[in-house]
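Just the structure for this:
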Amino acid sequence: MIIQGDEPEQIRLLRKLYPKGNYFMQGDEAIAYGAIFAGCRFYAGYPITPASEIAETMAKELPKVKGYYIQMEDEIGSIAAIIGASWTGLKSMTATSGPGFSLMQENLGYAIMTETPIVVVDVQRSGPSTGQATKGAQGDFFQARWGTHGDHPIVAISPISVEDSFWETIRAFNISEKLRIPVILLADGIIGHTREQIRIPDPEEVEIVYRKLPKNEEEAKYPFGDVDGSLIPPMPLFGRGYFTHVTGSTHKETGLRDVYTPEVHIKLVNRLHKKIEKHEKEIEKWEEYFTDDMEILVVSWGVSARPSLGAVLKAREEGIKVGLFIPKTVHPFPGKKVKELAKKVRAIIVPEMNLGQLILEVQRYVNDDVILKGVNKIGGVPLTVEEILREIRGV
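Next up, the predicted model:
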């Protein structure tokens, strides 16, 4: 079972098991199949609504592609297991929701500090605490950004449909592998349980990215060293004969612990930030509609993006010049682009299924003379086109 170097056999298997064509599936299932097409061959998880279908699909499908599935005792064990699997070279993923995402935060910080490429899926549901277990929400926007402690960077991606869930999961893996970082897929319970038709591609249509490995023994001595100026260290895998030390404590380029020397900590944490900042343009992704002649801008994300588009289309039929901006990468937030768009409009409307989270990021990039208004809804029921349209008409 190999990720890199076993492509012909993996492609043969994927073509046989999932022939190119149209399929009818849930968003959760699309995430699982996206992970498999991205090369994920290890999944550890603990069941939780509304993310359980991801675990069910991975349990059923991973063995068919020579992968491994483990039912863990809880969410803490789940993320710990995928971190360990990643250090053996397997692309790895776990999925959870609300309370489980809270439990994973400590080890998410460990993955950030140890530069471990993993994908963590949070299928958001109504909270706080156990909240409305079966109902979708968008309340984890800032938990994804700041849930774990310390001064850390993070990448979080949010799909807007079932098909988008397939492709954005692949993108999450590719960013994770390229930059050697954990990436969060910030899905939600409504898209997760929505069934739609999606197109499964031929596996050769899917771009696959592999992590950088040491070219020789000398490079392997520095698992946290910027050996080539890219800010991304090659990752010496366990079981390949290297003497590798990994710790969540502040460490030198060799991996050995040093929690006393300020320069060591400053250099390490600054590099963790800079390697994401350096690749910001590659990480950022958004969709933009009717922004050339707009006077009003709608900024929305995840499950709220589709009714937002519906409202924008209806508003334009009524002669209202309104545009739409949908960040697909929500962290790092594309603030420069929002600032550029904000200069064109007199008002910005931000629909989301919470009591105001994305709007706080938007606010950082908008001048005081622009009207900024949230359209917020909780209770597990998605926003409707009419609710958003009403706010567009009234602003």
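
Output the longest strand belonging to this structure.
Ranked by residue count under DSSP state E, the longest strand found in the chain is strand 118-126.

Check which residues of it are buried.
118-126 (16 or more other CB atoms under 10 Å). Every residue, glycine included, has its C-beta placed from N, CA and C.

what's the lowest-pLDDT member of the residues you listed?
Of all these, Ser126 carries the smallest pLDDT score, 94.

on that earlier part again, for the buried residues of strand 118-126, give me a markdown table that also has distance to Thr194.
Formatted as a markdown table, the buried residues of strand 118-126 follow (distance: CB to CB, whole Å):
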| residue | distance to Thr194 |
| --- | --- |
| Ile118 | 26 |
| Val119 | 21 |
| Val120 | 21 |
| Val121 | 16 |
| Asp122 | 17 |
| Val123 | 12 |
| Gln124 | 14 |
| Arg125 | 14 |
| Ser126 | 16 |
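
quick one: which of the residues you listed is nearest to Thr384?
Nearest to Thr384, judged by CB to CB, of the buried residues of strand 118-126 is Ser126 at 17.4 Å.

before we move on, back to that, can you give the strand pairings for the longest strand of the chain, parallel or anti for each?
Partners of strand 118-126 in the sheet, by DSSP bridges, are strand 91-96 (parallel), strand 132-136 (antiparallel), strand 182-188 (parallel).

how far is the longest one from where the chain is centred?
In this case it means strand 182-188. Centroid separation for strand 182-188 versus its chain: 3 Å, with CA atoms, centre = their mean, to the nearest Å.

Now the helix or strand following that strand: average pLDDT?
Using DSSP states H and E, the helix or strand that follows strand 182-188 towards the C-terminus is helix 189-193. In this model, helix 189-193 carries a mean pLDDT of 97.

Please enumerate the strands of the stretch 251-395 of the chain.
Counting by DSSP state E, counting those that start in this stretch, the stretch 251-395 of the chain has these strands, from start to end: 286-289, 296-299, 322-327, 329-331, 347-352, 371-376.

Quick one: list the elements packing against the second one.
Spelled out, it's strand 296-299. Under the contact criterion of 3 or more CB pairs under 8 Å, 6 or more residues apart in numbering; DSSP states H and E, strand 296-299 touches helix 305-317, strand 322-327, helix 335-342, strand 347-352, helix 385-394.

Same list (these) but as JSON lines, adding mean pLDDT and distance to Leu108.
Below are the helices and strands packed on strand 296-299 laid out as JSON lines (pLDDT from 0 to 100; distance: least, CB to CB, whole Å):
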{"stretch": "helix 305-317", "mean pLDDT": "98", "distance to Leu108": "25"}
{"stretch": "strand 322-327", "mean pLDDT": "98", "distance to Leu108": "21"}
{"stretch": "helix 335-342", "mean pLDDT": "97", "distance to Leu108": "23"}
{"stretch": "strand 347-352", "mean pLDDT": "98", "distance to Leu108": "23"}
{"stretch": "helix 385-394", "mean pLDDT": "98", "distance to Leu108": "33"}
